[in-house]
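*Asks:* turn this into a model:
(chains A and B)
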Number of protein chains: 2
Amino acid sequence: MKKIITISREFGSGGRSIGKLVADKLGYEYYDSELAQRVAKETGFDPEYIADAGEYAPGRSMLSYAFSSSVPQAHSSTMNANDYLWSAQCRIILELAEKGDCVIVGRCADYILRERDDCLNVFIHAATDYKAKRIVELYGVTDKSPEKRLSDKDAKRRVNYKYFTGREWGDTANYHLCLDSSYFGQDECADIIVSLAK
Amino acid sequence: MKKIITISREFGSGGRSIGKLVADKLGYEYYDSELAQRVAKETGFDPEYIADAGEYAPGRSMLSYAFSSSVPQAHSSTMNANDYLWSAQCRIILELAEKGDCVIVGRCADYILRERDDCLNVFIHAATDYKAKRIVELYGVTDKSPEKRLSDKDAKRRVNYKYFTGREWGDTANYHLCLDSSYFGQDECADIIVSLAK
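*Replies:* Residues are numbered from 1 along each chain as shown, chains lettered A, B, ... in the order given. Next comes the predicted model:
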């Protein structure tokens, strides 16, 4: 039985919903936005910023708006800020994994937990038209085309993952299982993951 | 029920053995080396060359040794030879798919059959140490390191796939399901594919 299931996902693929379904079916803890709250609390970063931090591309410009007023000045240089956020995220994810069975969505958890042998690492992807339809239904229309929103968000995830892990986001080598949610549907994806976790 | 299962695989990952297991379990036809024989017969290429053709990187130099004596001179220019081999391969794979339930390993079958909606496209990959151990057991030791043999072979598959399909070999977007055979084992990989084909 796999204690920890990490889910990485393309924007719009439904990976979060699938992760929630898996956690419900297995009776596991589910960490996603709650994890962002914890990282925010422990680092002094703005919670809203942290919620998006899995999608940011590290760089100098992001830091001007990243910190809430409570952040210690000692952490305000660019290099320290990135390291600081990353080390807090690693510590929290390692602690949660130690605590018990869980599903963790995003946040490089597959990489952070790479030394454990009780993880099932999953990547969820989908056809572009499926993802485009989904994000418009979920988040509405914006000035940008859905296709552009998809590629922008995934590009940021890719840069973020590469920056912190040195690996290629979405490369099959990082995951035990990759599923096309537009082919299988979200319920079946969840069922496949549940049966393979057992 | 999916009528056709295509399997693409990293060298040494056991994708062929998994494909054979799947075909046996489902009672499907299995096409791999038999397919190479057919392409050879229909094109006049040397059968031994065709058996390796899924791994070659298209270019001028390969053609000097590719043709058997029976090849018509009209097909001897570089461009024609690539097109000629590819069109024969496409025609044969499309015909086999039309004929009935089957498992097809390699040869860009996922791409060639992309217009059909009864295919399950699978990619099998594995950890490098697992693949290295396997190829030494199966094919013996050579002057080259196992790691170098793995990366050389996969590089050729990548170039070949890109050349004929315009797509990236091993990119999750091309497959409905990607499995790490060093994590699940070959029998379980076959069982997963069988259950998802149903």
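
*Asks:* hey, let's count contacts and neighbours off CA atoms from now on
*Replies:* Will do.

*Asks:* how about A:Phe184, nearest residue that isn't a chain neighbour?
*Replies:* B:His176 (8.0 Å; C-alpha to C-alpha, 6 or more residues apart in numbering or on different chains).

*Asks:* the one you found: what's it in contact with?
*Replies:* B:His176 sits next to A:178-180, A:183-184, B:120-122 when contact means C-alpha atoms under 8 Å, 6 or more residues apart in numbering or on different chains.

*Asks:* got phi/psi on it?
*Replies:* Torsion angles at B:His176 (phi, psi; degrees, to the nearest 10) stand at phi -80, psi -30.

*Asks:* cool, the one 4 residues further on as well?
*Replies:* Dihedral angles phi and psi of B:Asp180 (degrees, to the nearest 10) take the values phi -90, psi 100.

*Asks:* ok, it to chain A distance?
*Replies:* Per C-alpha to the nearest C-alpha, to the nearest Å, B:Asp180 is found 5 Å from chain A.

*Asks:* and the next helix or strand past the worst-scoring helix or strand of chain A on mean pLDDT?
*Replies:* Here the helix or strand of chain A ranked lowest by mean pLDDT, DSSP states H and E is helix A:47-51, holding a mean of 71. Using DSSP states H and E, the helix or strand that follows helix A:47-51 in sequence is helix A:78-99.

*Asks:* got the residues of chain A near chain B?
*Replies:* Taking C-alpha under 8 Å from any C-alpha of the partner chain as the contact definition, chain A meets chain B at A:125-127, A:170-173, A:175-180, A:183-184.

*Asks:* which of these count as buried?
*Replies:* Neighbour counting with 16 or more other C-alpha atoms under 10 Å in any protein chain shown marks A:125-127, A:170, A:172-173, A:175-180, A:183-184 as buried within the residues of chain A next to chain B.

*Asks:* list the ones among the residues you listed that fall in helices.
*Replies:* Counted as lying in helices by DSSP state H, out of those, are A:183-184.

*Asks:* neighbours of the nearest residue to A:Ile124 once chain neighbours are set aside, just the number please.
*Replies:* Residue nearest to A:Ile124 in three dimensions, not counting chain neighbours: A:Arg9, with 4.6 Å by C-alpha to C-alpha, 6+ apart. Neighbourhood size, A:Arg9 [other C-alpha atoms under 10 Å in any protein chain shown]: 25.

*Asks:* ok, now which ones touch A:Arg9?
*Replies:* A:Arg9 neighbours (C-alpha under 8 Å, 6+ apart): A:15-16, A:106, A:123-125.

*Asks:* try 7 Å this time
*Replies:* Contacts for A:Arg9 (C-alpha atoms under 7 Å, 6 or more residues apart in numbering or on different chains) come out as A:15, A:123-125.

*Asks:* got the contacts of B:His176 as CSV, with distance to A:Val194 and pLDDT columns?
*Replies:* Shown next, in CSV, are the contacts of B:His176 (distance: C-alpha to C-alpha, whole Å; pLDDT from 0 to 100):
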residue, distance to A:Val194, pLDDT
A:Cys178, 14, 98
A:Leu179, 13, 98
A:Asp180, 16, 98
A:Tyr183, 18, 97
A:Phe184, 14, 97
B:Leu120, 20, 97
B:Asn121, 21, 97
B:Val122, 20, 98
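
*Asks:* need the buried ones from the contacts of A:Arg9 selected in PyMOL.
*Replies:* Those of the contacts of A:Arg9 that count as buried under 16+ other C-alpha under 10 Å are selected in PyMOL with:
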select buried, chain A and resi 15+123+124+125
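
*Asks:* closest to the centroid, which residue in chain A?
*Replies:* Nearest to the mean C-alpha position of chain A, by C-alpha atoms, centre = their mean, lies A:Gly106 at 1.3 Å.

*Asks:* one step back: okay, and which of the residues of chain A next to chain B map to strands?
*Replies:* A:125, A:177-180 (DSSP state E).

*Asks:* how far off centre is stretch A:11-28?
*Replies:* Centre-to-centre, stretch A:11-28 and its host chain are 12 Å apart (C-alpha atoms, centre = their mean, to the nearest Å).

*Asks:* cool, stretch A:135-147 as well?
*Replies:* 20 Å.

*Asks:* now that stretch: average pLDDT?
*Replies:* If you average the pLDDT over stretch A:135-147, you get 94.

*Asks:* cool, stretch A:190-198 as well?
*Replies:* Here the average pLDDT along stretch A:190-198 is 95.

*Asks:* ok, and what's touching it?
*Replies:* Under C-alpha under 7 Å, 6+ apart, the answer for stretch A:190-198 is A:1-2, A:18, A:21-22, A:26, A:120.
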